[in-house]
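> just the structure for this:
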Amino acid sequence: MKRYLFFVNQPYSYSILRPLQEEIWKRGGEVAWFVAGCTAAPLRPDEKHLKTVAEVMEYNAIATFVPGDWVPYFFPGIKVEVFHGMARNKRGHSSEDESDHYRIRGWFDLYCTHAERDTAKFQELAEKHRHFWVAHTGWPKLDPLLSQPARGKRKLKEGELPVVFYASTFSRSVTSAPDLVEKIGELSRSGRWKFIVTLHPKMDPAVVDQYRSLAGENLRFVESDEDLLPIFPEADVMLCDTSSIMFEFMFLDRPVVTYRTKMPGPYLIDVDDVGDVEAALQEALEYPEKLMQATRSICDDLHSFRDGNSSARVIDAVGEFITSKQSKLCRKPLNVIRKIKIRSRLHREIKGAKRSGK
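Predicted coordinates:
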């Protein structure tokens, strides 16, 4: 039985990795989770939780999957980068050289890319560094969404209120959460809209409490460690700012309204004034043809596949790498200082998780 390890450092990792788990189980493999730096509470009773480094070493997985930018280099097996988001930076440009998305730190053996443009960039870097391989697989997180039959415009029943999914990033320079809290509360109480609200795990706790207090008949607050993808289809439109979650929502072929976004484009209805939010939402509900065409175009740019089989391609790529690619690569750089920092970071985050009871 082939064993695989999932390395979790942020709450968003669960929804990225679970489609991979389903594919591994389907093939008769085994999966274990190692969580450092965030809560392990979302793990289900049927998911194997390794709590110590010693358990990880004994488990001896053939591959460790990582939706972040670091991984303990000494864990057994190859290290596979599946990414925490798609190649899009806060200035609104895809595949920029300076983007953190393309920084090679020397931890990964295999990069599983999402679209033709980021694949070409990583292949260029692979030829330069010669110590990792690139596979164009798509993003496992999107598999459940792309397999969702309820895509496109929802047919509202008579008397049914339109649903807005509001999500915000945490950075003070780009978050809309403090500016929109009163407006979202007002709209949810108006009887014209329903809201589903979630905030980034690093959001200011005081702001989070403000939104939690708005929960009621027409506003549902979703905690940051919940899996959001199953909730997306309930919404008719997303209200956002500069969070990459808006691009995930677009794969439902539904519109997005933003408030003062740093990633503008024809695929969004962006407003600069809080007073314009409701009118923009009303416009989005009409699914303007130019807007939806631009939405589909940006989705094509960010992710090549629509078949919901990215997890299968990732597992296939791991097998191909181990059997025919790994032996042809150069050794990774020593990175002595970075390795010391990684050990220190791992120790610190495990210790912090224990202290907080996570």
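> would you indicate which residues of stretch 200-217 are buried?
200, 203, 207-208, 210-211, 214 (16 or more other CB atoms under 10 Å). Yep, even glycine has a C-beta here, placed from its N, CA and C like the rest.
> so how far is the first residue of it from its last?
Using CA to CA, to the nearest Å, the span of stretch 200-217 from its first residue to its last is 23 Å.
> ditto for stretch 50-63
Counting by CA to CA, you get 15 Å between the two ends of stretch 50-63.
> just give me how far it sits from the chain centre.
Its chain's C-alpha centre and that of stretch 50-63 lie 25 Å apart, by CA atoms, centre = their mean, to the nearest Å.
> in that stretch, what counts as buried?
In stretch 50-63, residues buried by neighbour count (16+ other CB under 10 Å) are 50, 53, 56, 59, 61, 63.
> tell me the average confidence for the helix or strand harbouring residue 126?
Applying DSSP states H and E as the criterion places residue 126 in helix 116-129. Computed over helix 116-129, the mean pLDDT rounds to 96.
> and stretch 328-338, by the same measure?
Mean per-residue pLDDT for stretch 328-338: 91.
> and the helices in the stretch 151-300 of the chain?
Remark: helices of the stretch 151-300 of the chain, listed N- to C-terminal, are 177-189, 205-212, 245-250, 277-284, 289-302; assignment by DSSP state H, counting those that start in this stretch.
> now residue 250: how far from residue 58?
Spatial separation of residue 250 from residue 58 under the definition CB to CB, to the nearest Å is 43 Å.
> what of residue 297?
49 Å.
> kindly report the same for residue 111.
Taking CB to CB as the measure, residue 111 falls 28 Å from residue 58.
> what does residue 123 give?
Distance of residue 123 to residue 58, computed by CB to CB: 36 Å.
> then residue 202?
The gap separating residue 202 from residue 58 is 33 Å, by CB to CB.
> then residue 139?
Here the criterion is CB to CB. By it, residue 139 lies 31 Å from residue 58.
> residue 18 too?
With the distance defined as CB to CB, residue 18 ends up 24 Å from residue 58.
> and residue 74, by the same measure?
For residue 74, the distance to residue 58 (CB to CB) stands at 13 Å.
> may I have the phi/psi pair for residue 79?
Per-residue torsions, residue 79: phi -110, psi 120 (degrees, to the nearest 10).
> can you confirm residue 143 is in a helix?
Yes. Secondary structure of residue 143, determined by DSSP: H, G, I helix; E, B strand; the rest coil: located in a helix.
> excluding its backbone neighbours, what's nearest it?
In this structure, residue 143 finds its nearest non-sequential neighbour in residue 19, 4.2 Å apart by CB to CB, 6 or more residues apart in numbering.
> hmm, that neighbour is touching residue 147, no?
No. The pair residue 19 / residue 147 is not scored as a contact, 9.3 Å apart, by CB atoms under 8 Å.
> between these two, which is the more surrounded one?
Ranked by neighbour count (other CB atoms under 10 Å), residue 19 and residue 147 place residue 19 first, with 24 against 13.
> can you tell me the helix or strand for the more buried one?
Taking DSSP H and E as the definition, one finds residue 19 inside helix 13-26.
> what sits up against that helix?
Applying CB atoms under 8 Å, 6 or more residues apart in numbering, the contact partners of helix 13-26 are 2, 4, 6-8, 30-31, 33, 38, 42-43, 47, 65, 67-68, 82-84, 139-141, 143-144, 225, 227-229, 310-312, 314-315.
> one more time with 6 Å, if that's ok
4, 6, 31, 42, 67, 140-141, 143, 227, 229, 311-312, 315 (CB atoms under 6 Å, 6 or more residues apart in numbering).
> for those, which one is nearest residue 221?
Nearest to residue 221, judged by CB to CB, of the contacts of helix 13-26 is residue 227 at 15.1 Å.
> and the closest one, how many neighbours?
Neighbour count of residue 227, defined by other CB under 10 Å: 15.
> how near is it to residue 251?
16 Å.
> can you pull up the bridge partners for residue 238?
Beta-bridge partners recorded for residue 238 (DSSP bridges): residue 165, residue 256.
> distance check, it against residue 198.
Residue 238 sits 11 Å away from residue 198, taking CB to CB as the criterion.
> and what of residue 151?
If you measure residue 151 against residue 198 using CB to CB, the figure is 21 Å.
> the more surrounded of those two?
Per other CB under 10 Å, whichever of residue 151 and residue 198 has more neighbours is residue 198, with 22 against 15.
> contacts only, for residue 145.
229, 251.
> residue ranges of the strands in this structure, please?
Under the criterion DSSP state E, the chain carries strands at the ranges 3-8, 30-35, 48-50, 63-66, 78-81, 110-113, 133-136, 163-168, 194-199, 219-222, 237-240, 256-259, 269-271.
> which other residues reach the third one?
Strand 48-50 is contacted by residues 32-34, 43, 56, 59 when judged by CB under 6 Å, 6+ apart.
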